[in-house]
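> After the sequence you'll find the predicted model.
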Amino acid sequence: MSIYPDTDLLVGGQWRSGGAGVLDVVNPATEEVIGKLAKAGRQDLDDALQAVAAGFDAWRRTSAYERAALMRKAADLLAARVEEIAPVLTMEQGKPLQQARNEVNSAVEVIRWFAEEAMRAYGRIIPARAPDVVQNVIKEPVGPVAAFTPWNFPINQAVLKISAALAAGCSIIVKGPEETPASCAALVKAFADAGLPDGSINLLYGVPSEISSYLIASPIIRKVSFTGSTAVGKLLAEQAGKYMKRITLELGGHAPVLVFDDADVEGAAKVMARLKFYNSGQICIAPTRFMVQEKAYDNFVADFENQVSKLKLGNGLEADVTMGPLANDRRLSAMAELTEDAVKHGGKLLTGGERVGNRGNFFAPTILLETDPAAKIQNDEPFGPVALVSRFRTAEEAISEANRLPFGLAAYAFTRSAKTMNDLSDHVETGMLSINHAGLALPETPFGGVKDSGYGMEGGAEGIEAYLQPKFVTRKLF
Ligand code: NAD
């Protein structure tokens, strides 16, 4: 079994302690302090800015072929370290070991995908109006990037930003998640060990608001990317706007699931229960607002409850555990408050609804039926293991309920009707729609939202575009 490592900062190719001391890292399953984390001070931020500027100079001059080769090497190193990194991720974040392995393996795939994209950042030649004019559109790396990544997928949220930025030829400073730092650092280490030029990738931890406001204001940083809550996303968008920086925002969601009478109801319950309680529900695309058409309702509820009864809650390091603790105690109190408020608003608690044990952030997988739309949980993203199930009669009613909230990240639907599929695809306000399966978040497919869920896409061919700036060059020949 791995021993939990302390985490340092990476600045200009050197791992180092931070100028502002250390922070504790706590295991959410045991509440024990398992490690220390270097906390960046002002000098670390200034050094990181100088380093990322120098790194950009070197990395943008590295050919796309070489960049791809170095990225593939980082992917190979990460793949060789899965069994070392996965328990570290489980210890700091809580997820079951197999989910931690999945996370590292999926990061390997993301890096490999973007390594290939690096070689396909094509420009264009635009036919000119005169025979002696050549008009080109060149895609240039936008410049040094500041990326802010959260604790729910400490590796996967960071790898999307790092891989796309590096593939485009940008250098990057990652401000990683303070509560789950070591697995994110292991990801960054794979890139550093692969031999990327010093400063092309840097890693900081500290006080998030201090680091983000300092980096975003710096003229060195040309692009910002953030994954986290809508409230923080709006704050960073404001700062980025003030300094005219491009920003990609992957924020909260509150995903609707529309199950129609003609669906494979049992299949829907199975695939959605797995996704709902994966990572203890701490996923921005977690299905939460289940709306089930009248005739399918009873069967869906029974099948869904049956799936939930099979979950085994416990310390993610134990072999048969399928759901771990919540990653921090903020989520634990949020689940208790939201559930209590839902019951006050008429929600019928079918199962769960309470903390399990008195040590560790364990909250039982929870199903609430028929909760009033005015309840807090029907409006605020729970970001935890709670599913809300309600009934609907017509497709119009379900679509209108799906679109009721200001969020629009992921949406799911289950139906055998091609017409219903078309109607949903035309009318559901969402960045991603998955029909009859859980088909989101692959390296090759775009990932992102609309409305308060943010803007810009990560993943897929769209992912690298966020880090490329088109430049138009027109030449009149002699
Ligand atoms: P929070 O709003 O305090 O923080 C969310 C994330 O943003 C954290 O990673 C945090 O370190 C970072 N952050 C906070 N202030 C920042 C700042 N000024 N500059 C840069 N980064 C900053 O809330 P929290 O308790 O950590 O998480 C709660 C909510 O955040 C959840 O309910 C969920 O809605 C959202 N969240 C979303 C995702 C996602 O994948 N989209 C991931 C984690 C959290």
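Structure's in. What do you need?
> need the residues of the stretch 51-200 of the chain near the ligand, please.
Residues of the stretch 51-200 of the chain found near the ligand (Cβ under 6 Å from any ligand atom) are Phe148, Pro150, Trp151, Asn152, Pro177. No exception for glycine: its C-beta is placed from N, CA and C like everyone else's.
> rerun that using 8 Å as the cut-off
Phe148, Thr149, Pro150, Trp151, Asn152, Phe153, Gln157, Lys175, Pro177, Glu178, Glu179 (Cβ under 8 Å from any ligand atom).
> what about the strand or helix carrying Ser390, near the ligand?
Element membership for Ser390, per DSSP states H and E: strand 386-392. No - applying Cβ under 8 Å from any ligand atom, one finds strand 386-392 out of contact with the ligand, separated by at least 11.8 Å.
> What strands flank that strand, and is each parallel or antiparallel?
With DSSP bridges as the test, strand 386-392 is paired with strand 287-293 (parallel), strand 366-369 (parallel).
> Would you tell me which of those strands gets closest to the ligand?
Of all those, strand 287-293 sits nearest to the ligand, with 11.2 Å by Cβ to the nearest ligand atom.
> and the residue nearest to Val188 when sequence neighbours are not counted, what are its phi and psi?
Excluding its sequence neighbours, the residue lying closest to Val188 (Cβ to Cβ, 6 or more residues apart in numbering) is Leu203, at 4.6 Å. Phi and psi for Leu203, reported as degrees, to the nearest 10, are phi -130, psi 130.
> Next, the contact list for Leu203, please.
Leu9, Leu10, Val11, Ile173, Val174, Gly176, Cys184, Ala185, Val188 (Cβ atoms under 8 Å, 6 or more residues apart in numbering).
> now those as a markdown table including neighbour count?
Output for the contacts of Leu203, formatted as a markdown table (neighbours: other Cβ atoms under 10 Å):
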| residue | neighbour count |
| --- | --- |
| Leu9 | 28 |
| Leu10 | 26 |
| Val11 | 26 |
| Ile173 | 27 |
| Val174 | 29 |
| Gly176 | 30 |
| Cys184 | 30 |
| Ala185 | 28 |
| Val188 | 24 |
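> Secondary structure element for the residue at minimal distance from the centre of the chain, which one?
Central residue of the chain (Cα atoms, centre = their mean): Gln157, 4.1 Å from the mean position. Using DSSP H and E, Gln157 falls within helix 156-168.
> Adjacent strands (with direction) for the helix or strand just after that helix?
Per DSSP H and E, the first helix or strand lying C-terminal to helix 156-168 is strand 172-175. Counting by DSSP bridges, the strands paired with strand 172-175 are strand 145-148 (parallel), strand 201-204 (parallel).
> What ranges does the stretch 351-478 of the chain have for its helices?
Along the stretch 351-478 of the chain, counting by DSSP state H, counting those that start in this stretch, helices occupy 395-402, 418-427, 460-465.
> Quick check: which of those helices is buried the most?
Ranked by mean neighbour count, the helices of the stretch 351-478 of the chain are led by helix 460-465 with a mean of 20 (mean count of other Cβ atoms under 10 Å).
> what about dumping the CA coordinates of that one to PDB?
Extracted in PDB, the C-alpha atoms of helix 460-465 (Å, rounded to 0.1, in the frame of the first residue of the first chain):
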ATOM      1  CA  GLY A 460     -12.700  17.000 -28.000                       C
ATOM      2  CA  ALA A 461     -11.400  19.100 -30.900                       C
ATOM      3  CA  GLU A 462     -13.100  22.000 -29.200                       C
ATOM      4  CA  GLY A 463     -10.700  21.600 -26.200                       C
ATOM      5  CA  ILE A 464      -7.600  22.700 -27.900                       C
ATOM      6  CA  GLU A 465      -9.300  25.600 -29.700                       C
END
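> got the strands paired with strand 386-392 as CSV, with mean pLDDT, distance to the ligand and mean neighbour count columns?
Formatted as CSV, the strands paired with strand 386-392 follow (pLDDT from 0 to 100; distance: least, Cβ to the nearest ligand atom, whole Å; neighbours: other Cβ atoms under 10 Å):
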stretch, mean pLDDT, distance to the ligand, mean neighbour count
strand 287-293, 98, 11, 25
strand 366-369, 98, 16, 24
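> now these in a markdown table, with distance to Arg355?
Formatted as a markdown table, the strands paired with strand 386-392 follow (distance: least, Cβ to Cβ, whole Å):
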| stretch | distance to Arg355 |
| --- | --- |
| strand 287-293 | 20 |
| strand 366-369 | 11 |
